[in-house]
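J.: Pasting the sequence and the predicted model now:
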Amino acid sequence: MPQSLSREAVRTAVAAWSDAQPEADEFVPGQTPVPVSGKVVGTAERLAMVEAALDGWLTTGRFNQAFEQRLAAWFALPRALTVNSGSSANLVAVSSLFSPRLGAAALRPGDEIITVAAGFPTTVNPILQNGAIPVFVDIRAATYDVDVDRLEAARSERTRAVVLAHTLGNPFDLGTVTDFCARHGLWLIEDCCDALGSRYRVADGAPLWQARMPDDDASLWRRHDDAELRERHVGAFGHFATVSFYPAHHITMGEGGAVLSGEPELARIAESIRDWGRDCWCAPGCDNTCGRRFDWQLGELPRGYDHKYTYSHLGYNLKISDMQAACALAQMDRLEGFIAARRHNFDYLSQRLADCEDALILPRATEGSTPSWFGFPLTLKPEAALDRVEMLRWLDQHRIASRLLFAGNLTRQPYMAGRDYRIAGSLETTDRVMNDTFWIGVWPGLDEAMLDYAADRIRLFLGRDFD
């Protein structure tokens, strides 16, 4: 029989194999694809995943615990909970607000939640899945985020929460949104799936609010004057933040996501919903963490019913494997570099296309924000008399990938027919995005030669000379 290998020998062999893999092929304009997104993984990620596989612990374990702790610290929040996708993260966050543990502050079927229709479906779907009513407001051109001037008109006596995404990494106006939520006692969920690393600064002199659990006065927000909290990562402003680790996103574990909260009780509710809805909070493979496993009496169960099989929420099993967490943990070492590369690529495209503003609306960062861009959105101006389908076919012909702004106008999607929702005012800009907007990539796997080629093809379609 062959001699068994030690762990160190396995790691050495994996590292040697990984290091020997060729770098990306030389870029050949017109032949090499220019992807809109992609993953960047290397030896460190492969070694981490092999280490997790050698443990033989196939559910969440030591790597997941380390990743959750590191992710929470990076956000400067007390708790992060991994889930199997960003979509599941949104489902867990929204469902948590319906928990009976929140008492009078809990959401109930029929409550209204303000959101936008220009985005990804699974930002909105959990609202419908929990029996609430999404109230759609329009967005602003160039930033592609909620038009905050429409929030007051969208609110009704039934409004209980706001759920918004930071579109393509561009933060929405958190100063105005948090002030709106604080004044009206609304929950706030930040969908940060496209925005890991984006930052926002509340303007000096503007109210500074911090999300909180309700107490005796039922307040969901506290006002404070901590200057250090004026600028934070997006996700640290609301009651919940959600992120995604799909390969297209800022870091990856293949499939996966996370829910974060600054409030331990909210995190515990979210953990219950993620873990089958159980009341027990023991880690996988652990028993009797509370020391009262057979002492509880909950619901109409008999006293002493095993706490591991007592369920307080309608829950799911949305955990990840430790191998996924190992990959993401290694990716955390590269996160700042990934963010810097995305910002560089965005700025580079902005410069290359700066003289095309007569035909295109170029993207603009929200005032007070420092985005960690997910993509580079472009909207065709009506006066340019251009056809988006023709332009996208042109880019595809030249092997430049593009994407639309997700659902466009969600209310016009087939699956929304017959569903209960409300539109506050018009969705004029949302419809314009549906018809005239697309985006190209800025991910770290793109170099300046690829960006130059993409910009040149766009310029050529517009009848411009190359720079």
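T.: Great, that's in hand. Keep in mind that what you see is a predicted model, and the values were worked out from it rather than measured.

J.: Just give me the neighbour total for the closest residue to residue 231 other than its chain neighbours.
T.: Closest residue to residue 231 apart from its sequence neighbours, by C-beta to C-beta, 6 or more residues apart in numbering: residue 201 at 3.9 Å. Bear in mind the C-beta positions are built from the backbone N, C-alpha and C, glycine included. The local packing of residue 201 (other C-beta atoms under 10 Å) involves 16 other residues.

J.: and residue 201, what are its phi and psi?
T.: phi -120, psi 120 (degrees, to the nearest 10).

J.: Next: residue 242.
T.: According to degrees, to the nearest 10, residue 242 has phi -130, psi 140.

J.: Report how many residues lie close to it.
T.: Residue 242 has 31 nearby residues by other C-beta under 10 Å.

J.: thought it was touching residue 191?
T.: Yes. Residue 242 lies in contact with residue 191 (C-beta atoms under 8 Å); the separation is 5.3 Å.

J.: anything in contact with each of those two?
T.: Residues touching both residue 242 and residue 191 by C-beta atoms under 8 Å, 6 or more residues apart in numbering: 86, 90.

J.: Shouldn't residue 258 be within a strand?
T.: Yes. Under DSSP: H, G, I helix; E, B strand; the rest coil, residue 258 falls within a strand.

J.: who does it bridge with?
T.: As for beta bridges, residue 258 partners with residue 82, residue 243 under DSSP bridges.

J.: Would you mind measuring from the residue positioned nearest the centre of the chain to residue 446?
T.: Centroid-nearest residue in the chain, with C-alpha atoms, centre = their mean: residue 193, separated by 1.1 Å. Residue 193 sits 20 Å away from residue 446, going by C-beta to C-beta, to the nearest Å.

J.: what's the answer for residue 202, then?
T.: Using C-beta to C-beta, residue 202 is found at 33 Å from residue 446.

J.: more neighbours, the two?
T.: Set residue 202 next to residue 446 and count neighbours by other C-beta under 10 Å: residue 446 wins out with 25 against 21.

J.: so which strand or helix has the residue lying closest to residue 398 once chain neighbours are set aside?
T.: Distance criterion C-beta to C-beta, 6+ apart; nearest residue to residue 398, sequence neighbours excluded, is residue 457 at 4.9 Å. Using DSSP states H and E, residue 457 falls within helix 448-461.

J.: and if you look at residue 405?
T.: Using DSSP H and E, no helix or strand contains residue 405.

J.: what's around it, how many residues?
T.: For residue 405, using other C-beta under 10 Å, the count is 23.

J.: OK, contacts around it?
T.: By C-beta under 8 Å, 6+ apart, the contact set of residue 405 is 118, 119, 144, 167, 168, 377, 433, 434, 437, 438, 439.

J.: Now it. Its backbone dihedrals?
T.: Dihedral pair for residue 405: phi -80, psi 70, per degrees, to the nearest 10.

J.: and the gap between it and residue 375?
T.: Residue 405 is 9 Å from residue 375, by C-beta to C-beta.

J.: and for these two, which residues touch both?
T.: Each of 168, 439 lies in contact with both residue 405 and residue 375 under the rule C-beta under 8 Å, 6+ apart.

J.: can you map out the helices along this protein?
T.: All helices of the chain, identified by DSSP state H, fall at 7-19, 43-55, 62-75, 86-96, 121-129, 151-154, 174-184, 264-274, 322-332, 335-352, 388-397, 428-436, 448-461.
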